[in-house]
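[1] mind looking at a prediction? Sequence and model below.
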Amino acid sequence: MNILSIQSHVAYGHAGNSSAVFPLQRMGCNVWPVNTVMFSNHTGYDTWKGPVFQPETLTDVIEGIEQLNVLSRCNAVLSGYMGDPAVADVILQTVDKVKNENSEALYCCDPVMGDRDTGLYVNHQIPEYFRDRLLAKADILTPNHFELEILSGQPVQSSEQALASARSLLAKGPKVILVTSLIYPDSDHDTIEMMAVTETEAWLIKTPLLQFKNTMSGCGDATSALFLAKYLMTNPLKACLEHVAAAMYAVFKLTHQHQSSELMLIESQDQLVNPTEVFSAESVQ
């Protein structure tokens, strides 16, 4: 499998491509990373340095890949944080190029916009851009709880509402919705949920919720990457969800045990492929 991953990148720690590329590789995928920024570290720290690449730079890099005549061998495009609509335009143009060369290629879009504890942290035009243009292009969409509410325009305070919101997004284009980080006001605060939904099936899975001192960056990036890799292996949706939930819990558990400020992806690498703990998904209607 060959995956073109267009995301941000940090030299230290894990976020964007530096959180997504290794799990993809560990799952056996070749990755063609295109970095939208090159920061010293993620912006959750007090300081960071590095450039944000202009859309023209991204276009130049992608055209260079195109000139190698390898886009027909690209099985999927994965995108994460975009920053502004101009970068999003480049990503959509790239998706079109890849699909013109390989009609079976998938586009997995992680609609990075914010989270419950941070609120919206992207250009104010990005949510509208996602709703108006990206939803129609994405085959797989991987919003977190906050992003599901933003995209659907509906509050999500129960698994029933999460399912209804996910199905409303399916109607706009995506074939698969993976919703991460579902926590409800009156739910058991010792657990966190993920939900995978298609037109014909929906699965819900719960794992223990671990509390960290600081916001942990790169979680959604790694989760989307793992789900895409597993899905490309043509495993059933239920099995994909169970694998991703167990693998990410293993990463979180080790990170929590060591009180690390960064995800311990490298140290958890075997768990990414063969997680030892098993969590069972339940069908929801």
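    Nice, I can see it. Numbers count the residues shown, from 1 in each chain.
[2] give me the low-pLDDT residue ranges for the stretch 51-200 of the chain?
    Counting by pLDDT under 70, the stretch 51-200 of the chain shows low-confidence ranges at 188.
[3] which residues of it fall in strands?
    76-79, 106-109, 114-115, 119-120, 140-141, 176-182, 191-197 (DSSP state E, counting those that start in this stretch).
[4] can I get the ones you listed in a markdown table with distance to residue 208?
    To be clear about C-beta, it is placed using only N, CA and C from the backbone, and glycine gets the same treatment. Listed next are the strands of the stretch 51-200 of the chain as a markdown table, based on distance: least, C-beta to C-beta, whole Å:
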| stretch | distance to residue 208 |
| --- | --- |
| strand 76-79 | 27 |
| strand 106-109 | 26 |
| strand 114-115 | 19 |
| strand 119-120 | 26 |
| strand 140-141 | 26 |
| strand 176-182 | 14 |
| strand 191-197 | 6 |
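[5] of all the ones you listed, which lies closest to residue 249?
    Closest to residue 249 of the strands of the stretch 51-200 of the chain, according to C-beta to C-beta: strand 191-197, at 9.1 Å.
[6] mind listing what's buried along that closest one?
    192-197 (16 or more other C-beta atoms under 10 Å).
[7] wouldn't residue 279 be in contact with residue 248 here?
    No - here residue 279 does not reach residue 248: they are 10.3 Å apart, not a contact under C-beta atoms under 8 Å.
[8] between the two, which one's more packed in?
    For residue 279 and residue 248, the more surrounded residue by other C-beta atoms under 10 Å is residue 248, and the numbers stand at 26 against 17.
[9] ok, the more buried one to residue 218 distance?
    Noted for residue 248: a distance of 11 Å to residue 218, by C-beta to C-beta, to the nearest Å.
[10] list the contacts for the closest residue to residue 114 other than its chain neighbours?
    Nearest non-adjacent residue to residue 114, counting by C-beta to C-beta, 6 or more residues apart in numbering: residue 120, 4.2 Å away. Residue 120 makes contact with 113-114, 127, 150 under the criterion C-beta atoms under 8 Å, 6 or more residues apart in numbering.
[11] ok so, going back, okay, the buried residues of strand 191-197 in JSON lines with distance to residue 271 next?
    JSON lines is the format used below for these (distance: C-beta to C-beta, whole Å):
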{"residue": "192", "distance to residue 271": "18"}
{"residue": "193", "distance to residue 271": "20"}
{"residue": "194", "distance to residue 271": "17"}
{"residue": "195", "distance to residue 271": "22"}
{"residue": "196", "distance to residue 271": "20"}
{"residue": "197", "distance to residue 271": "25"}
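[12] name the nearest of these relative to residue 106.
    Distances from residue 106 to these, taken by C-beta to C-beta, are shortest for residue 196, at 14.9 Å.
[13] just the strands of the stretch 51-200 of the chain: most buried one?
    strand 76-79 (a mean of 28; mean count of other C-beta atoms under 10 Å).
[14] in this structure, which residue is closest to the centre?
    Nearest to the mean C-alpha position of the chain, counting by C-alpha atoms, centre = their mean, stands residue 224 at 3.1 Å.
[15] what strand or helix carries residue 207?
    strand 202-208 (DSSP states H and E).
[16] elements contacting the helix or strand following that strand?
    Later in the chain than strand 202-208, the nearest helix or strand by DSSP H and E is helix 219-232. The elements that helix 219-232 packs onto, with contact taken as 3 or more C-beta pairs under 8 Å, 6 or more residues apart in numbering; DSSP states H and E, are strand 2-7, helix 17-26, strand 76-79, strand 106-109, strand 140-141, strand 176-182, helix 237-257.
[17] CA-only coordinates of stretch 27-36 in PDB, if you can.
    These are the backbone C-alpha positions of stretch 27-36, laid out as PDB (Å, rounded to 0.1, in the frame of the first residue of the first chain):
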ATOM      1  CA  MET A  27       1.300  -1.400   9.600                       C
ATOM      2  CA  GLY A  28       3.200  -2.200   6.400                       C
ATOM      3  CA  CYS A  29       2.400   0.900   4.300                       C
ATOM      4  CA  ASN A  30       4.800   2.900   2.200                       C
ATOM      5  CA  VAL A  31       4.200   6.600   3.000                       C
ATOM      6  CA  TRP A  32       4.900   9.600   0.800                       C
ATOM      7  CA  PRO A  33       4.800  12.500   3.400                       C
ATOM      8  CA  VAL A  34       4.300  16.000   2.200                       C
ATOM      9  CA  ASN A  35       4.700  18.500   5.100                       C
ATOM     10  CA  THR A  36       2.600  21.700   5.300                       C
END
